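Peer 1: can't give you the sequence, but here's the structure:
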């Protein structure tokens, strides 16, 4: 079990993470938050890149950074991932395996397994510089998976990927063993909805809520409306525009409001509606 | 091992880095090509000098290589990933630095190999010089470039590349020989001696721009290794502090320990040391004596001693500098004080009489006056220090008999301004000497050796030399000479023939038992190039030994006259220039001589020239001024 206890982090006096506490069991967790809410900072604290995490993050009740096999417990894919471009995919992974302290004999098999998982087996001899952006992110996942770690941290893993690569990525994450803790941070609700057992919503450095997709969705129950724009203009209730669309020549607006009193326009909320409801209500 | 192999692969796949390595190798090959082509005329020291000449360029190149090799961590977005691993950054940096050091090692091995092979092919191998080659390359190529590799690595901590490059430029400025100019500027403009600081940052190989000192080679003394230690441990402290990022206490402990070691090295480095220094540092560079006696106008005087020394017992400990205990057994004391000459570079720490009573003494420049209440039979002088041009350290010794490196009775006028060197040696009465030298290398002395580095016998002086020397015997005369001076064009047989011819042509030298070739820095004085003692000779070079002998026979006034004559006969424009400047400033003694010379020359022509030549080559003790003033055409 991965635990965060009283984690604080500030940059130049400005608090970025404020007294965070959370326990992660096995399963896939999605940290959903707007940009600048502290997702990356939280992951960097867990990995010990920021010193504040070195005294506040525990794994099975031991301080994470003190654990001897730390490199075999944590697998991390940073938001801006790169590897040495003039090495081949295989050599780059061998280099990482060496840094992780993997057993010489098993590292080769481990590398091929990881490459298979991320569907890069055919690129094994290609230079890193020759990989596309999507392939590079998959290589990053392979790096994170090397050594079969129990905790996998993925920071914005789908950012900048085309739809095909995003589907591929989702398949990879779904295929991971269920006895691991996977934490992925993103601001793309769709990814979280498709993958995560539990969603953690952060805002301004705090975890404001967490729950399953259903629980998040439910928080917006009765607050989401799909209303013709004309009707909306006539009323004077407060609302938050989720999206706009045109149907049969009529402008419709999907809104989030706890004051709008026309239940005939109410629609079932999505996870994204729930997320927006939580973020905007807070 | 696999990590290093992969890091090496990463290096080899980088075209820029490989390009710089090729540039380094090419520069090295160009530098050594001339001595290699002229193998029959050059000494192996010349090849070594060419190898070491570009050491600073190599070091800067390796700094750039290390920076560019490691900065890929940031430019290729790998830094965050490696930071997330336990000891990831530390391992990355250490393996990257290890890889560049491996390449540097390979380069050092190749340069050493070429030098050793060249030496072995042309000379009878002497292990001592092989050690010198290895130490020189280890110090000036491997360690110096190693420091710059660490600097390049540390500069990658700057967030922006432009800052890293600015850092490299600043390092280049502060460590380049150009920085040395600051020492001269500070000294001449503000009378501030910042030379020790300048020397600390000077990473170029000393002496390589000069004719090699064949008996010494290039300095590889402990102080240089200590200087290297200062930088290696400061940089290690920085690297450890930044890289052990997940165990801060460990990082702090290791960094502070490194800094302490560095501090220890810096204290050791600044301890007094006898250097072979050919820099323009006026205080202890090649012109130190000119500065001391000429610019600072240190007192010089001549006064015979009113006592004699029947026996000297000298115990010298030579490592960084000379520490000596001189026991002088006195006789015929006819004055109330004892006067001695000891070169000003040596500090007297105490003087005792035979009953171990401390004696009072005064010290002014080279002169010591010892006071006593009861007439001592023996005094012990404890002293330590170093000569400027006459070195004495673990690598070599150059202490000729005319140089007072031990207390010599009487006040002696040491410096000859005209010759810009030491005054003509005047033979002292013979005494018994017992000399023991504690030095790591074999020491050669004019006295017979009784045990290793222990000498005893009767002589008028003591000369001690050590370094890259060999001995030989020609017609019963022992020759101690620097073996690296010999080349295919100037083999041992030619040297022997030259010495044989010289001795045979000078019957007055029949008493000579030993000829010692003494290394000397900036030996402009004819009296330093050759000195004749009671039963031995010291000279700075065997080539032209007869000419050196003739030159040292003349007193300085005759020599001056001979120089004017030479200029008049051989370099007329220079003579005219000399005359012009003499007319502008006719008040100095030398200029007065020039003007009288010219006047007589104009009035009497060839007959005057003939008479002058006759005077120069005669035994006449008349001063040049007297000769010129009194000479009249028949």
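Peer 2: Here it is on my side, so go on. Owing to the predicted nature of the structure, the values given are computational and were not obtained by experimental measurement. Residues are numbered from 1 along each chain as shown, chains lettered A, B, ... in the order given.

Peer 1: lowest-pLDDT helix or strand in chain A?
Peer 2: When the helices and strands of chain A are scored by mean pLDDT, DSSP states H and E, helix A:229-234 comes last with a mean of 78.

Peer 1: Now do it: which elements does it pack against?
Peer 2: strand A:250-256 (3 or more Cβ pairs under 8 Å, 6 or more residues apart in numbering or on different chains; DSSP states H and E). Quick note: C-beta positions are derived from backbone N, CA and C, even for glycine.

Peer 1: Okay, buried residues for the strand it packs on please.
Peer 2: A:252, A:253, A:254, A:255, A:256 (16 or more other Cβ atoms under 10 Å in any protein chain shown).

Peer 1: what pairs with it, and is each one parallel or antiparallel?
Peer 2: strand A:224-228 (antiparallel), strand A:240-247 (antiparallel) (DSSP bridges).

Peer 1: quick check: mean pLDDT across it?
Peer 2: The pLDDT scores in strand A:250-256 average 88.

Peer 1: which parts of the stretch 101-250 of chain A sit against chain B?
Peer 2: Residues of the stretch 101-250 of chain A lying near chain B by Cβ under 8 Å from any Cβ of the partner chain: A:104, A:140, A:143.

Peer 1: which one is the second one nearest to, not counting chain neighbours?
Peer 2: In other words, residue A:140. Setting aside the residues directly before and after it, residue A:140 is nearest to residue A:81 in space (Cβ to Cβ, 6 or more residues apart in numbering or on different chains), at 3.8 Å.

Peer 1: Just give the closest residue to the residue in the stretch 51-200 of chain A that chain B sits nearest to, not the sequence neighbours.
Peer 2: Per Cβ to the nearest Cβ, residue A:82 is where the stretch 51-200 of chain A lies closest to chain B, at 2.8 Å. Once flanking residues are discounted, residue A:82 sits nearest to residue B:77: 2.8 Å by Cβ to Cβ, 6+ apart.

Peer 1: For the one you found, what are phi and psi?
Peer 2: Dihedral pair for residue B:77: phi 60, psi 40, per degrees, to the nearest 10.

Peer 1: burial of it, as a residue count?
Peer 2: 18 (other Cβ atoms under 10 Å in any protein chain shown).

Peer 1: likewise the one 4 residues further on?
Peer 2: By the criterion of other Cβ under 10 Å, residue B:81 has 25 neighbours.

Peer 1: same question for the helix or strand harbouring it, mean pLDDT?
Peer 2: Element membership of residue B:81 [criterion: DSSP states H and E] is helix B:79-84. Across helix B:79-84, the average pLDDT comes to 91.

Peer 1: elements contacting that helix?
Peer 2: The helices and strands touching helix B:79-84, judged by 3+ Cβ pairs under 8 Å, 6+ apart, are helix A:39-47, strand A:74-77, helix B:88-122.

Peer 1: cutoff 6 Å now
Peer 2: helix B:88-122 (3 or more Cβ pairs under 6 Å, 6 or more residues apart in numbering or on different chains; DSSP states H and E).

Peer 1: and the angle for the helix it packs on with helix A:39-47?
Peer 2: With axes from the mean of the first three to the mean of the last three Cα atoms, to 10 degrees defining the directions, helix B:88-122 sits at 70 degrees from helix A:39-47.

Peer 1: and helix B:88-122, what other elements does it pack with?
Peer 2: helix B:2-12, helix B:44-53, helix B:55-75, helix B:79-84, helix B:127-136, helix B:144-155, helix B:222-243.

Peer 1: Contact partners for the closest residue to residue B:374 other than its chain neighbours?
Peer 2: Using Cβ to Cβ, 6+ apart and skipping residues adjacent in sequence, the residue nearest residue B:374 is residue B:353, 7.7 Å away. By Cβ atoms under 6 Å, 6 or more residues apart in numbering or on different chains, residue B:353 lies in contact with B:359, B:376, B:379.

Peer 1: just checking, which of these belong to strands?
Peer 2: Counting by DSSP state E, these place residue B:379 in strands.

Peer 1: Format the contacts of residue B:353 as JSON lines; extra columns: distance to chain A, neighbour count and pLDDT.
Peer 2: Formatted as JSON lines, those follow (distance: Cβ to the nearest Cβ, whole Å; neighbours: other Cβ atoms under 10 Å in any protein chain shown; pLDDT from 0 to 100):
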{"residue": "B:359", "distance to chain A": "66", "neighbour count": "18", "pLDDT": "96"}
{"residue": "B:376", "distance to chain A": "72", "neighbour count": "22", "pLDDT": "95"}
{"residue": "B:379", "distance to chain A": "68", "neighbour count": "22", "pLDDT": "96"}
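
Peer 1: Run a quick neighbour tally on whichever residue of the stretch 401-550 of chain B sits closest to chain A.
Peer 2: With Cβ to the nearest Cβ, the shortest gap between the stretch 401-550 of chain B and chain A falls at residue B:440, namely 44.5 Å. When neighbours are counted by other Cβ under 10 Å, residue B:440 registers 12.
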